[in-house]
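Chemist: model this:
(2 chains)
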Amino acid sequence: MLLQYTIWISLIGAFLVAMIPARDPGSIRWTALFSMVGSLAVAVAAYARYDAVAGGYQDVLAMNWIPSLGAQFLLGADGISLPLLVLTGVIGLTGVLFSWNVAHRTKEFFIYYLILIAGVYGVFLSMDLLLLFVFLEIAIVPKYFLISIWGSTRREYAAMKLVLYSFVASVMILIGLLCLHAQYRALTGIHTFDVRFFVENAWLLPHGFQLWCFPLVFLGFATLAGLFPLHTWAPTGHVAAPTAASMLLAGVVMKMGSYGCLRAGLLLFPHGLQEPVLFFDFLVPQFWFWTFAGLAVFGIVYGAGASLVQKDFKFVVGYSSVSHMGFVILGIVTANALGLTGALLQMISHGLIGALLFACVGRMIYDRTHTRHLDALPAFDLRSRMPALTAIVIVAFLASAGLPGMSGFIAEFTVLLGTMKVSPLLCAAVGLGILVTFAYSLRLLHLVFWTTPVHGVQNAECHEPLPPLTLPEKLASGILIFLIVLIGLLPHTVTGVMQSSIEQSLRQMNKKADIQTPPLAQKPSPVHP
Amino acid sequence: MLSALTFLPLIAGLILLLLPRERERLAAPLALGSSLVVLFGTLVVAVTCHQAGPGMHHVEFFRWIPALGIHYFLGVDGLGAVALLLSALVFPMAIVAAWNRSQQPRLYFVLLLLLQTTVTGVFTALNLYHWFLYFEISLVPAFFLIKIYGGPHRSYAAYKFFLYTLLGSVPMLLAFVFIYTRTGTLDLVSPVDGVSGLAGLFFQDRLVGEGGHLLGRATLFVFLAILIGLAVKTPLMPFHSWLPDAYTQAPPFVTMVLTGVMSKMGVYGFLRILMPLFAPELAAAAGWLSWLAAATVFLGMLIAWCKKDLLEIAAYSSLSHVALCVLALCCLNDVHRGPAHFAAAYQGAVMQLFNHGLTAAALFFVFGLLIARNGGRAGIDDFGGLRTVAPQLSSLAMLVIFAGIGLPGLSGFVSEFLIFKAALAAHPGAGALALASLLPGGLVFLRLIQKVFCGPVNPACAAMADLSLREWIVLGPVALLLVVLGVWPQWILNLMRTF
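Modeler: As a prediction, this is how the structure comes out:
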C-alpha cells in the first residue's frame, strides 16, 4: 500500500520540523518542502500506477482498529479519490512555496500546516467512515491555530466561527454515520464502517430511514463544502487565514466536504434524493434533490453577486469560492455520470484556481502593499510596476471566470451537461451565475489595475519600492497555471482515471433500486421548456 | 495545414513576449512576417479548396475529449475559405497600420496575434465546443486592445463590449449543452462522410413525420438562444448598443479588426451553425427577423447621417452594412423560388461578408490616418479641402468610401445587388426598407466627402502630410482589390461555390 506514505511522510515532516530548533527557519522550510515533495511524489506514483480501466479500490491497507465497533484502519483510493490526493499534494507543495517568507513562529506554523495536510490526505484515503471522521477532526484543530495565530482581519472571530461550524457539521455527520451503522447491524447483523460494504448493501436500507439520515450526513459535509446558507464560515475564514492556510481551505478543505457529500452522502443513500418527503410531496417530488440543487444554484448566483460588491480583495475571492463550490454540489446531486465527473473536475479545478487566487491576493499582493482594500490598491500602480504579477492575476481571474481553454470552463461545462439531463431550468439559472462571475472578475481587475487612484488614499508608502516576485512565488504560480491550462486543454488526464470508478459506483448505487423506482435521470423532470 | 495557420500567430506572439526589451522594435516586423505567412498559407488553402470542389477540405480530426463528444475537428469549405481569406487580409493591414505605436508596442502585437489565432480558429472549427472555445477566447485580446489602447471612455466601452457579448454567449453555450445531451455529438458535420454529424442528424430528424423529435419542444428555445448569441455579436438592432462605444473608443487600427473580422464571426455563425441546423426555424422566423435586419440596415444609416464624428459615422454605417448579411440569410429558406434564388442570397451574404470586412477595415484605416493627422479631432467640420492638400490620400479615401456606398464598378455594388434582389423577392416590405437605406447612406458619405475632401481648405489641416510609403502599401492593394471585386466578382463567387 503505497498511498499510506502520503500521511506518514507529512506526519514525519511535522515531527522533524518539531525537532529542529526554532532559530533555524531555513532548515524548517526545507524540511517542510521536502516532505511535501515526497508526499506529492507518492501520490503521483500511485496515480500513474492506478489501472484506470479496472477502476475501484485496487490497493487496500486493512488493519484491525476498534474490533468491538467493527471499525477498521482501512486505507485505499479509487479513481474518485486519487485525483484529489494529487491535488492535495500540489496545493500542499505550492502552499509551502508561498509560505517561504513566514517569519513569525515559523516552526509552529509548519508543524500545524503539515498536520493539517496529513489530516486531509487521511480523509481522502479512508475507506472506513469512522476513520474518515477521525481524520476530519484531526484537520480541524490545526486550522484553528493557523488562523488565530497567523491570521489577519478579525482572526479570532473567524477562527472560532470556522471551528464552531466544523463541529456542528461533525456532529451531524457522526450522528448520521452511527445511525447508519446501527441500521446495518439491525438489518444484517454485521458490525462495520467499511464504505464498500455500505455501498454494496445500500439497497437494503428502508426508504424512510434514508429520507432523514441522508440529509443529515449530506448537510454535514455540505457545510464544510460551503453550501448556501451554511457557507458563512467560508468567506470570513478564508479572509482571516494566512496565505497558505487559505490556499488549503479553499483548495482542499472545502473539497473534503464535497468529497464526503459524494462518498458518504449520495452513494450510500440511493433513495435519499429521489423520494418525496411526507407533507411536501404535493409541492415537489424528489424533495431533497430540489432542495439541494436549488441551494447549490442559488449559492452560485449569490456567491458571485456577493463578490461583485466586496471592497476587500480577499473577500471577493472568498465569496467566489462559495460560488464555485455550488457547481460541485450541483454536479453531485444530479447523480449521473456526467454530473459526477463534472463535480470532481470542478473540485480539482477550483482547488488549483482558488489556491492561485489566494496566493495572488494574500502573498503576492498583500505582503507587498500591506493593504487589500480595493480603493487603496490602485495607488500602488501595480500594472506598470509589477507586470509579471499583473499577468498572473489576470490569468488567475480569467481561469476563475471560466474562460474556455482553462480548467474552470471544462469543469463547469461538464456539470452543465449533467444538469441539463435533469433540468434545463436549473441550467438557465446557472447561466446567470456565469455572467455575474465574469462581471465580478472584470470589476476586480479593473479596480486593482486600471483605476486612477482615489485622491487622499495615496500616501508615502505607495511609492516605496515593491520587492520583485521571488523564485518560490514564480515557481509555485507556474506550477498552478500549468496545471490549470493542462486540465483545461486535456481534461482526460484527470477524467480518465475517474471514469470507470464513477460508473461502477453509480451502477452499485442504482442496483436493485432500478426495480423500485427509475433512476433520477430518466424520471420525467417536472420542467419541460 | 489549418492547425499551422491557426497556431502560427500564437507562436509568433509567444516569441514576441520573449523578446528582450531593447529589441522591442522587432515586434512589428515579426508580427507582419507571421501574418504574411498566414496570408500565403490561406491563399494556398483557398486555391486547393477551390480545385477540390464542394465539401470539407483540409480536414483534421482527432478525439480530443471523447467522453464529451469534443473533437479537435477542423476543415474549410467555400464559406470558410472566404472568411479565412478576409481575416488573413485584414490582420496584416492592422499590423502595418499600428507600425509606429509608441505605447507598449509589443503587447499590442501580441494581443493582435492572439486575436488572429482565435479568429482563424472560429473560421475553421467544425465542433461546437471547439468553435465556442475560440469564439469566447477572442473576447479577451479584443477586450484588452480596447481597454489599453482606446480613447477617453475606453474602460466603459471595453466592459460593455465584453459583458454584452457574454450575455449572448451564455444562452448559446447552454443551447450547445442541450444539443449535446439530446444528440450525443457536437460535430457539425461528420469527419467521415462530411454530411452527417449534427447537420445530418437534424436534417433526417425533420424528414420523419412531423419532425423535430431530437430536441422536442425545446427546439424553439435552442434556436432562439443561439440566435441571441449571434445577434449580439453581429450585431442586430436591439442588441447593438455595445457597438458604437466599442468602435469609437477603440483606436482605429483595432476597430479595423473588430469590424473587419470579429463582427463577421457572428455572420459566419449564422451561416455555419444556425442555417444548417435550424433551417425550418430560420424560415419561420424569417418574417420578423428580416424586419429586424432591415430596421438595423435603415436605422443604422439614419443614425450615421445624424452623426458628425468620422468614427461614429463609420461605426453606424458598419452596423448597417453587416446587417445586410443577416437580411440575405432570411431569404435563404424561401424554397419555393428554387435553387437559383437560394444561390443568389447565399452568395450575396458571403460576398457582403468579405466586401464589408475589407471596406470597413480600409475605411477605419483611412479615418484613423485623417484623425491622427488632424491632432485627434474627428468631427467632419474639423476638416476641409483635403483634396488639394493631400491628393493621394483623398483619392484613395474616396475610392474606399464609394466602395462602401456600393457604387457600381466597386465591390460593394455586387453583393448589395444580390442581397436586395433576393430580399425584394422574398420579403418585399423589409427589402424595401433596406433598399431605402441607400438614400441616407449616399447622403452620409457624400456629405462627408463634401465637407472633408472638397470645399475650402480648413486652416487646421492645411499642412496635412500625404500618404507615406507604408500607408500606400496598405491602401494600394486594398483599393485594387475593391476595384477588381467590383469589376470581376466571379472569382470570389467561384471560390465560395463549394457549399
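
Chemist: What is the burial count for B:Arg21?
Modeler: By the criterion of other Cβ atoms under 10 Å in any protein chain shown, B:Arg21 has 6 neighbours. Every C-beta, even on glycine, is put in place using the N, C-alpha and C of the backbone.

Chemist: for A:Ile80, same thing?
Modeler: The number of residues packed near A:Ile80 is 25, by other Cβ under 10 Å.

Chemist: A strand includes it, no?
Modeler: No. Assigned with DSSP: H, G, I helix; E, B strand; the rest coil, A:Ile80 falls outside any strand and is coil.

Chemist: how far away is it from A:Pro206?
Modeler: Separation of A:Ile80 from A:Pro206 (Cβ to Cβ, to the nearest Å): 27 Å.

Chemist: tell me which parts of the stretch 1-150 of chain B are close to chain A?
Modeler: B:Ile65, B:Pro66, B:Ala67, B:Leu68, B:Tyr129, B:Phe132, B:Leu133, B:Glu136, B:Ile137, B:Val140, B:Lys147 (Cβ under 8 Å from any Cβ of the partner chain).

Chemist: any chance of those residues in CSV, with secondary structure, distance to B:Leu495 and pLDDT too?
Modeler: Converted to CSV, the residues of the stretch 1-150 of chain B next to chain A look like this (DSSP: H, G, I helix; E, B strand; the rest coil; distance: Cβ to Cβ, whole Å; pLDDT from 0 to 100):
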residue, secondary structure, distance to B:Leu495, pLDDT
B:Ile65, strand, 34, 81
B:Pro66, helix, 34, 79
B:Ala67, helix, 38, 78
B:Leu68, helix, 35, 81
B:Tyr129, helix, 28, 89
B:Phe132, helix, 27, 91
B:Leu133, helix, 27, 91
B:Glu136, helix, 29, 89
B:Ile137, helix, 28, 90
B:Val140, helix, 31, 89
B:Lys147, helix, 36, 86
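
Chemist: Just the buried residues of the residues you listed.
Modeler: The neighbour-count test (16 or more other Cβ atoms under 10 Å in any protein chain shown) marks B:Ile65, B:Ala67, B:Leu68, B:Tyr129, B:Phe132, B:Leu133, B:Glu136, B:Ile137, B:Val140, B:Lys147 as buried among those.

Chemist: Now do the same contact list for the first one.
Modeler: Read that as B:Ile65. Residues near B:Ile65 by Cβ atoms under 8 Å, 6 or more residues apart in numbering or on different chains: A:Ile410, A:Leu490, A:Pro491, A:His492, A:Thr495, B:Tyr129.

Chemist: Just the buried residues of those residues.
Modeler: A:Ile410, A:Pro491, A:His492, A:Thr495, B:Tyr129.

Chemist: mind putting the residues you listed in CSV, secondary structure and distance to A:Gly56 included?
Modeler: Listed next are those as CSV, based on DSSP: H, G, I helix; E, B strand; the rest coil; distance: Cβ to Cβ, whole Å:
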residue, secondary structure, distance to A:Gly56
A:Ile410, helix, 25
A:Pro491, coil, 22
A:His492, helix, 20
A:Thr495, helix, 16
B:Tyr129, helix, 30
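
Chemist: circling back: just the buried ones among the residues of the stretch 1-150 of chain B next to chain A now: which is nearest B:Pro244?
Modeler: B:Pro244 lies nearest to B:Lys147 out of these, by Cβ to Cβ, at 17.0 Å.

Chemist: Thanks again, I'm all set now.
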